[in-house]
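Asks: Any chance you can model this:
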Amino acid sequence: MTGSGDRLWAGIPISGEGLVLREWTSADVSAIVALFDDPDIAYRLPVASPFDQAAAQDFIEHARQARLDGSRLQLAITDEEDLPQGEVSFTLQTASIGYMVGAAYRGTGVAARGLRLLTSFAHRMGITTVYLTAEPDNLASIAVARRVGYERTEAKPIMVEDKGRRYALHTWTHSLSQDDAVQMRTSP
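Replies: Here you go, the predicted structure:
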């Protein structure tokens, strides 16, 4: 049985910049645990902590369901040997992207390359403005966003409460220029 997401997300996996963005599979359980069972990830993201194999299996199933219903795309950032190094996600309703990279891969450019690939994919889908949010003290995430060409908006911060912590998320955007949009529509 196919869902609306099967048609919507045509073009997956996405390859470029020495990376492959692909769907998570059951073969990735151990890699997902290694990436997400990290205090820094648990602090920043609404994920289980500790993040064990059961959490990884739930994660894969939720990602699969979200893809099938067309609401969200969650992709492993892998190298050309198919080793997961992090994740990028795209939520259609809000045109927003999220990203995370495992501790062993931070500072290597993986996050920026993965974000650039998924941002380009969203623009090719016809979405002219893509959003992301970041805490003001998450300097690494902000550096990644800037490196890819995202700009912080003047929008009021979004207040979030998770795991007993209240924090602000600032909104960043990446917009296609009119010339870029025309070129993307006319390119093969």
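
Asks: which residues of the chain fall in strands?
Replies: For the chain, the strands defined by DSSP state E cover 14-16, 19-23, 72-79, 84-91, 96-101, 129-134, 151-152, 158-162, 165-175.

Asks: if I pick the residue sitting nearest the centre point of the chain, what's in contact with it?
Replies: Nearest to the mean C-alpha position of the chain, by C-alpha atoms, centre = their mean, lies residue 88 at 2.2 Å. Residues near residue 88 by C-beta atoms under 8 Å, 6 or more residues apart in numbering: 21, 74-75, 77, 97-99, 114-115, 117-118. Heads up, the C-betas are built off the backbone N, CA and C, glycines and all.

Asks: Highest neighbour count among those?
Replies: In terms of neighbour count, residue 114 stands highest of these at 31 neighbours, by other C-beta atoms under 10 Å.

Asks: Helices along this structure, start to end?
Replies: 4-8, 29-36, 39-44, 53-68, 110-124, 139-148, 178-186 (DSSP state H).

Asks: Select, out of those helices, the one closest to residue 15.
Replies: The closest of these to residue 15 is helix 110-124. By C-beta to C-beta, the value is 8.1 Å.

Asks: tell me which strands and helices that closest one is in contact with?
Replies: Other elements packing on helix 110-124 under the criterion 3 or more C-beta pairs under 8 Å, 6 or more residues apart in numbering; DSSP states H and E are strand 14-16, strand 19-23, strand 72-79, strand 84-91, strand 96-101, strand 129-134, helix 139-148, helix 178-186.

Asks: Distance to residue 30 for the ones you listed - can I get that in TSV?
Replies: As requested, the helices and strands packed on helix 110-124 are exported to TSV (distance: least, C-beta to C-beta, whole Å):
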stretch	distance to residue 30
strand 14-16	23
strand 19-23	16
strand 72-79	13
strand 84-91	10
strand 96-101	17
strand 129-134	28
helix 139-148	25
helix 178-186	38
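
Asks: can you redo those as CSV with distance to residue 65 and mean pLDDT?
Replies: Below are the helices and strands packed on helix 110-124 laid out as CSV (distance: least, C-beta to C-beta, whole Å; pLDDT from 0 to 100):
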stretch, distance to residue 65, mean pLDDT
strand 14-16, 21, 94
strand 19-23, 12, 96
strand 72-79, 9, 95
strand 84-91, 14, 96
strand 96-101, 17, 94
strand 129-134, 23, 96
helix 139-148, 26, 95
helix 178-186, 30, 52
